[in-house]
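In: The sequence and its predicted three-dimensional model are supplied below.
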Amino acid sequence: MSEGTMQRRAQRDDQHDQRTQGAGGLSRLLAAAAALPVMLIVAGCSSDSDSGDDAQKAAASASASAEAGATVSAAPTVQAAAYQELPEACAVLSKKTLTELVPKDTKGKEGTSSDTATRASCSWSSLDNNGVKGSQYRWLNVSLLRFESDASTSADQRAQDYYAKQVQGAKTVSGAANTKTQALTGAGDQATTVRYDLKKKEGAFKQQTVVARVENVVVTVDYNGAGLAGEKTPNADTLTKAAEKAAKEAVASVRTANGEGTSGGSASPSPSKTSSKTSSATPSATASAKASATASKAASTTAAKAAAASSSKTSVKKS
C-alpha cells in the first residue's frame, strides 16, 4: 500500500472520530436540555407544596385565634351588685310603726359605722313605767348590711351566705328556750323568723329575730319585750307580728333607696333596675362575642387568601 493511500485513510479515520465525538456532545446537550423541563416541573411542584404548607399554617393559626376568642367568650363573669345604696337606718321605719313597737322612743340611736353605704344600724329602747304596777319594756334593733361582688363571688351570693349564717345564729342562741322557726313571705327575696324565750335577771324576755334578704342586702330585725316588776309577760305572737311588719318596712326602704317601688312585698324590680342589671352583665358578653366573631372572620379571610395564592401559582405552572 502506497504512502498516499495510507495518509488518505488516516484522514478519513480522523474525520470519523470527530463526527463521533460531535454526536456524543450533541447527545449530552440534548439530554441536558431534556432534563431541564423535568427539573423545572419538580421545582414548581416543590414551590406549590411550600405554598400549600404556608396556607395550612395560616389557616391553623387563624383557627387557633378563633378558638381563643371562643374561650374568652365562654369565661364566666361575676354579676355586679344590684343595690348600691343603703337607706338611713333610723329612718327605715315609719313613725306609726315605731309608736306601736317602741312607744317611748321613736327617734332611735344610730349605730357606729365607718361606711354607712355598706353597714348601718339603729336601735330603740322603750320603757313604759307604771310605777308599782310594773313596767313594759321593749327593745328594737334594725341592722343593714350590703355586699359587693368580688373577683370570684357575686354580691348576691355573698348576701345569701350571710343570710344563712344570721338565721343559724338566731336559732342557736345560748340559753334560748322554746325556739321556733318559720319562713316569712313578702319580705324581699327570702326571709325567716326565729322566736324564743330568754330568761334574764330583769325578767322573762320574748325574743323575735327576723332575717330578710333583698338582692345583695341583708336586713336583720331584733325585737324583744318583757314585763318588769311584776308586769305580765307580753304575748309572743303579738311581738312576732310586729317584728315581721318592721322587717317588711325595712326591706321596702332598701328598695326605695335604690330607685324601686315602695311595696314591702316581693314585687318585681322596676324597669330601671332591670336595665341596670342587664347592662352590668352585657358589656363583657358583647365584647367576647365580638372578639370571637372577629377571630372567625380573620380565619376565613386568611384561608381564602392562601387558597387563592395556591390556585394562582398552579395556573401559572400549567400555562
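Out: Received, thanks.

In: Now do the strands for the stretch 101-250 of the chain: every range, in order, please.
Out: Counting by DSSP state E, counting those that start in this stretch, the stretch 101-250 of the chain has strands at residues 109-110, 119-129, 135-146, 177-183, 190-200, 203-214, 217-228.

In: What strands line up against the second one, and which way round?
Out: Sheet pairing here is set by DSSP bridges, and for strand 119-129 it gives strand 109-110 (antiparallel), strand 135-146 (antiparallel).

In: I'd say Ser121 and Val142 touch.
Out: Yes: using Cβ atoms under 8 Å, Ser121 is in contact with Val142, at 6.5 Å. Where C-beta positions appear, they are placed from N, C-alpha and C, glycine not excepted.

In: Settle it for me: which of those two has more neighbours?
Out: Val142 (26 against 19; other Cβ atoms under 10 Å).

In: With Ala81 as the reference, measure out to that one.
Out: Counting by Cβ to Cβ, to the nearest Å, the gap between Val142 and Ala81 amounts to 21 Å.

In: now swap in Ala164 and tell me
Out: In terms of Cβ to Cβ, Ala164 sits 19 Å off from Ala81.

In: ok, back up a step: any chance you could list residues touching both of Ser121 and Val142?
Out: Counting by Cβ atoms under 8 Å, 6 or more residues apart in numbering, the common neighbours of Ser121 and Val142 are Ala89.

In: Can you show me the helices along the stretch 151-300 of the chain?
Out: Along the stretch 151-300 of the chain, the segments classed as helices by DSSP state H, counting those that start in this stretch run 155-171, 236-257, 271-318.

In: Next one: the residue nearest to Trp124 when sequence neighbours are not counted from Arg158, what distance?
Out: Distances taken as Cβ to Cβ, 6 or more residues apart in numbering place Val102 nearest to Trp124, at 4.1 Å, with adjacent residues excluded. Distance, Val102 to Arg158, using Cβ to Cβ: 31 Å.

In: try Gln56
Out: 50 Å.

In: Which one of those two is surrounded by more residues?
Out: Legend: neighbour count by other Cβ under 10 Å for Gln56 and Arg158, higher for Arg158 (19 against 13).

In: Contacts only, for that one.
Out: Taking Cβ under 8 Å, 6+ apart as the test, what Arg158 contacts is 147-150, 216.

In: Now with 6 Å, please.
Out: Counting by Cβ atoms under 6 Å, 6 or more residues apart in numbering, Arg158 makes contact with Phe147.

In: can you tell me how far it sits from Val194?
Out: Between Arg158 and Val194 the distance is 21 Å, computed by Cβ to Cβ.

In: cool, Asn224 as well?
Out: With Cβ to Cβ as the criterion, Asn224 and Val194 are 12 Å apart.

In: Now do the SS call for the residue nearest to Thr153 when sequence neighbours are not counted.
Out: Leaving aside its chain neighbours, Thr153 sits nearest to Val78 (6.9 Å; criterion: Cβ to Cβ, 6+ apart). At Val78 the chain is in coil, as set by DSSP: H, G, I helix; E, B strand; the rest coil.

In: residue ranges of the helices in the stretch 1-150 of the chain, please?
Out: 3-74, 95-101.

In: Worst mean pLDDT among those?
Out: With a mean of 54, helix 3-74 has the lowest mean pLDDT of those.

In: Find the residue ranges of this protein scoring beneath the pLDDT cut-off.
Out: 1-55, 57-76, 261-319 (pLDDT under 70).

In: now do 80
Out: 1-76, 130-133, 261-319 (pLDDT under 80).

In: Give the bridge partners for the residue lying closest to Gln160 once chain neighbours are set aside, please.
Out: Nearest residue to Gln160 in three dimensions, chain neighbours excluded: Arg213, at 6.5 Å (Cβ to Cβ, 6+ apart). Taking DSSP bridges as the rule, Arg213 bridges to Gln190, Val218.

In: Is it correct that Arg213 is in contact with Ala187?
Out: No: assessed by Cβ atoms under 6 Å, Arg213 is found out of contact with Ala187, at 8.9 Å.

In: Between the two, which is the more surrounded one?
Out: Ala187 (29 against 26).

In: my guess is that one meets Ala247, correct?
Out: Yes: using Cβ under 6 Å, Ala187 and Ala247 qualify as a contacting pair, with a distance of 5.0 Å.

In: Name the residues contacting each of those two.
Out: With Cβ under 6 Å, 6+ apart as the test, Ala187 and Ala247 both reach Ala212.

In: How about the contacts made by Tyr137?
Out: 127, 226, 228 are the contacts of Tyr137 under Cβ under 6 Å, 6+ apart.

In: The last one: neighbour count?
Out: Around Leu228 sit 18 other residues, with neighbours defined as other Cβ under 10 Å.

In: That one and Leu98, how far apart?
Out: When Leu228 is compared with Leu98 (using Cβ to Cβ), they lie 21 Å apart.

In: cool, and the second one?
Out: In this view, Ala226 and Leu98 are 19 Å apart by Cβ to Cβ.

In: same check, this time on Val132
Out: For Val132, the distance to Leu98 - Cβ to Cβ - is 28 Å.
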